[in-house]
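**Student:** give me coordinates for this.
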Amino acid sequence: MAIQQTKSIEHLVLTLEKDIYHTLSNVRGCTVLPDGRIVFSCYTERKLKVFKADGSQSIEMKNIGRAFDVAYIENDSIAVTTGGHEDSRQIIIIDIKNRKLIRSLNVETENYGVVYRGDNLIYSGNKNDNGLCSINLEDESVTRIMTDKMSSHVYIATFDEKLFYTNNNTDSVNCCDIQGNIKWTFSDKSALSFPLGISVDNDGNVFVVGAKTKNVVVISPDGQHHRQVLSKEDGLVNPTVLKYVRSNNKLKVSNCSNIKKVMAYKSNISGVCDQLQSDQSTNDDKPSIIGCPDCKRGFYEECNMCKERHDQSEETEKHVTSLNAEESELSRSFYNKKLTLERKMYTMLANVNGCSMLPDGRMVFTCSHWGKIKVFRPDGSEDFEMKNIGPLCDVVSIGNDSLVVTSGDESYSRQIYIIDIENKKVKKRINVNSHSLGAALFNDNCLCYSAAKLGIQEIYLKEEFINNVISTEMSTHAYLAILRNTIYYTDRKTHSVICIGTSCTATGEHTSWTVWTFKDENVLKSPNGIAVDNIGSVYVSGGASCNVIVISNNGLFHKQLLSKEDGLTYPGALHYDRSTNKLLVANSYDYAFLFNVNN
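**Tutor:** This next block holds a predicted model:
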């Protein structure tokens, strides 16, 4: 149904049409294609993800480089800005139909928000007084629209002969003409804090995301009035970007990272609907808006269609119920898991604290007793070893030929090593501010590790930048596993396994919450290594209980997979290879085992 838009922001009513569940982290941009598909850009994962209009996933493009904002151009092409790193000085053009990069525009500056206007891309240049810039797509000439220094994470929208942009440093939204002359500025920190994504409807109403206020605010075309239209109660946890589609009066809003199940929201922007426009054409009385006491959404009392849309919006609850039912089926599927021994290896090692698998099937073990790593071929024969590296704890494979190794809890160990497997040498030693114990990867550049008293930290391996993920003190030799934005870790002190959800806000802050805790000392004592498979089943070795168990993805069920009878003698490290469904389990001394997991 086409919806006629009223000019007054007081008459705007949002009706939830669809929830889209995505598993991206650090979503920085979104745009809508003419056929209704939605494109999201994921900055840290360096990829684009495209969803069909019905919410199902369409395609995914990986390894495209840093992807900040995204804008549709024409003829199946989109522009992607690359953000604020030193290696990000270009805007790339991608053919979304053929899934390939077709052009790179060198802009010689950081570039954040972007919008397409005519034959030009208008983008934020941020530093060095680059301000707002425009690059012509035909001759690639760059024009400075405004030379004022922009804040980082500036987003831009355009309507008629005006530009609208956010400034998170001053918590403001600005409107200027095409020549850069300021027309108005909106600033009210109590209503809108750390503004990010911005978009404009057919009447010039400006929709803006508030990252810190966790809301969406609409501002009148003259900048004089505003109204909150979405908030935390509507599912906004870390909102970053939005897009108003003028052709059908729909608004897409996305959280920054995976929060529970609902990630991207597609809403109808409901003014006075067609039926009421017709009914009121000969009546000067305005339709009355009433509010639902349960969901707090408004609808028109006189309009059955509006009431119907309101009732349909309650499908959100049914959607969550459906997802929970799906999870329940997955949770029970682990009862069918069986392990088949593929290989038993005599490692001749003592104090094996970490193990991992390389893409070519080779297996890696760390030995803290002798400060070395040992690599075995897929057939179980020894390939090589590296000695005298230093204190060692856990090991993680990165790419085809690199390892990241933590250094444990020795008083003098405050380093993380990056090892070149091909050349058999330590190519980088990164100094950290704590012990580094169990570790897992968020992505190829971001390592998450247990930092003992400091909790769980993440380090960007290229930039050597450290963030705190959670501040809860970790027990000695706490091990980690990660699936998307969910972290699983072991706690020897309490004989428990904890699952936490995490999110990085648009302001760079981490939030976390406990999803579930598994604790049963009759089943699992002194948990050590931990790994997670593709559907969230969690594998844990119990040192004192001398076993390996699997826990369902909701933490409610468990099953013992291995015990002393299978050769375990104080099992420590384990690793699950998601590409091959193989489980590698290492005793602290002498033997390791490789199993095929039959789901």
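
**Student:** tell me the pLDDT of residue 278.
**Tutor:** With respect to pLDDT, residue 278 has a value of 37.

**Student:** what of residue 528?
**Tutor:** 95.

**Student:** now do residue 254
**Tutor:** 83.

**Student:** tell me the domain boundaries of the chain?
**Tutor:** 9-271, 272-318, 331-598 (automatic domain parsing).

**Student:** including mean neighbour count, could the ones you listed go into CSV?
**Tutor:** In this view, the C-beta of every residue, glycine as well, is placed from N, C-alpha and C. Output for the domains of the chain, formatted as CSV (neighbours: other C-beta atoms under 10 Å):
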stretch, mean neighbour count
domain 9-271, 19
domain 272-318, 14
domain 331-598, 19
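
**Student:** check those for me: which has the lowest mean pLDDT.
**Tutor:** domain 272-318 (a mean of 38).

**Student:** now the residue nearest to residue 513 when sequence neighbours are not counted: phi and psi?
**Tutor:** Counting by C-beta to C-beta, 6 or more residues apart in numbering, residue 501 is the residue found nearest to residue 513 once chain neighbours are left out, at 5.3 Å. Per-residue torsions, residue 501: phi -90, psi 140 (degrees, to the nearest 10).

**Student:** residue 501 against residue 486, yeah?
**Tutor:** Yes - with contacts counted by C-beta atoms under 8 Å, residue 501 reaches residue 486, the gap being 5.7 Å.

**Student:** now the common contact residues for the two.
**Tutor:** Common neighbours of residue 501 and residue 486, counting by C-beta atoms under 8 Å, 6 or more residues apart in numbering, are residue 515.

**Student:** tell me the strands beside the host helix or strand of residue 163, with direction?
**Tutor:** If you go by DSSP states H and E, residue 163 is part of strand 162-167. Here strand 162-167 is paired, per DSSP bridges, with strand 156-159 (antiparallel), strand 172-177 (antiparallel).

**Student:** to residue 383, which of those lies closest?
**Tutor:** strand 156-159 (53.0 Å; C-beta to C-beta).

**Student:** now do the closest one: everything it contacts.
**Tutor:** By C-beta under 8 Å, 6+ apart, strand 156-159 touches 113-115, 117, 122-124, 132, 163-165, 198-200, 204, 206.

**Student:** do stretch 98-112 as well
**Tutor:** By C-beta under 8 Å, 6+ apart, stretch 98-112 touches 59, 61, 64, 68-69, 76-77, 81-84, 88-95, 121, 123-128, 130, 133, 135, 137, 140, 142, 150, 152-155.

**Student:** mind running it again at 6 Å?
**Tutor:** Contact with stretch 98-112 is made by 61, 68, 81, 84, 89-95, 123-127, 130, 135, 140, 153-154, as judged by C-beta atoms under 6 Å, 6 or more residues apart in numbering.

**Student:** likewise stretch 211-226?
**Tutor:** By C-beta under 6 Å, 6+ apart, stretch 211-226 touches 9, 175, 184, 186, 191-194, 196, 204-209, 227-232, 236, 506-507.

**Student:** of the contacts of strand 156-159, closest to residue 400?
**Tutor:** residue 114 (33.8 Å).

**Student:** that closest one and residue 174: what is the separation?
**Tutor:** 17 Å (C-beta to C-beta, to the nearest Å).

**Student:** next: residue 124.
**Tutor:** 12 Å.

**Student:** cool, and residue 589?
**Tutor:** 65 Å.

**Student:** which residue ranges form the helices in the chain?
**Tutor:** 274-280, 304-313, 315-333 (DSSP state H).

**Student:** what packs against the lengthiest strand in the chain?
**Tutor:** Using DSSP state E to define each element, the chain has its longest strand at strand 338-350. If you count contacts as 3 or more C-beta pairs under 6 Å, 6 or more residues apart in numbering; DSSP states H and E, strand 338-350 packs onto strand 363-367, strand 589-598.

**Student:** contact partners for residue 67?
**Tutor:** Contacts of residue 67 by C-beta under 6 Å, 6+ apart are 41, 43, 80.

**Student:** phi first, then psi, for it.
**Tutor:** According to degrees, to the nearest 10, residue 67 has phi -120, psi 110.

**Student:** residue contacts, the residue lying closest to it once chain neighbours are set aside?
**Tutor:** Excluding its sequence neighbours, the residue lying closest to residue 67 (C-beta to C-beta, 6+ apart) is residue 41, at 3.9 Å. Residue 41 sits next to 28-29, 48, 67, 70 when contact means C-beta under 6 Å, 6+ apart.

**Student:** so of these, which ones are in strands?
**Tutor:** 28-29, 48, 70.

**Student:** format those as TSV; extra columns: distance to residue 222.
**Tutor:** Formatted as TSV, these follow (distance: C-beta to C-beta, whole Å):
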residue	distance to residue 222
28	29
29	28
48	36
70	29
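
**Student:** need the max-distance pair from these.
**Tutor:** 28 and 48 (11.0 Å).

**Student:** ok, of the contacts of residue 67, which one's closest to residue 454?
**Tutor:** residue 43 (25.4 Å).

**Student:** quick one, what contacts residue 512?
**Tutor:** 470, 500, 502.

**Student:** show me those residues that map onto strands.
**Tutor:** Those of the contacts of residue 512 lying in strands (DSSP E): 470, 500, 502.

**Student:** before we move on, back to that, would you format the contacts of residue 41 as CSV with distance to residue 252 included?
**Tutor:** Formatted as CSV, the contacts of residue 41 follow (distance: C-beta to C-beta, whole Å):
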residue, distance to residue 252
28, 14
29, 11
48, 15
67, 17
70, 12
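
**Student:** just flag the most distant two among those.
**Tutor:** 28 and 48 (11.0 Å).

**Student:** contacting residues for residue 444?
**Tutor:** residue 398.

**Student:** how close does it get to residue 130?
**Tutor:** Residue 444 is 30 Å from residue 130, by C-beta to C-beta.

**Student:** now residue 421
**Tutor:** 42 Å.

**Student:** please name the nearest non-neighbouring residue to residue 569.
**Tutor:** residue 587 (5.1 Å).

**Student:** touching, the one you found and residue 567? I think so.
**Tutor:** No - between residue 587 and residue 567 there is no contact, the gap being 7.7 Å when judged by C-beta atoms under 6 Å.

**Student:** what bridges to residue 376?
**Tutor:** The partner residues for residue 376, given DSSP bridges, come to residue 363, residue 382.

**Student:** separation between it and residue 439?
**Tutor:** From residue 376 to residue 439 the distance is 20 Å (C-beta to C-beta).

**Student:** hang on, isn't residue 239 packed against residue 209?
**Tutor:** Yes - the pair residue 239 / residue 209 is scored as a contact, 4.6 Å apart, by C-beta under 6 Å.
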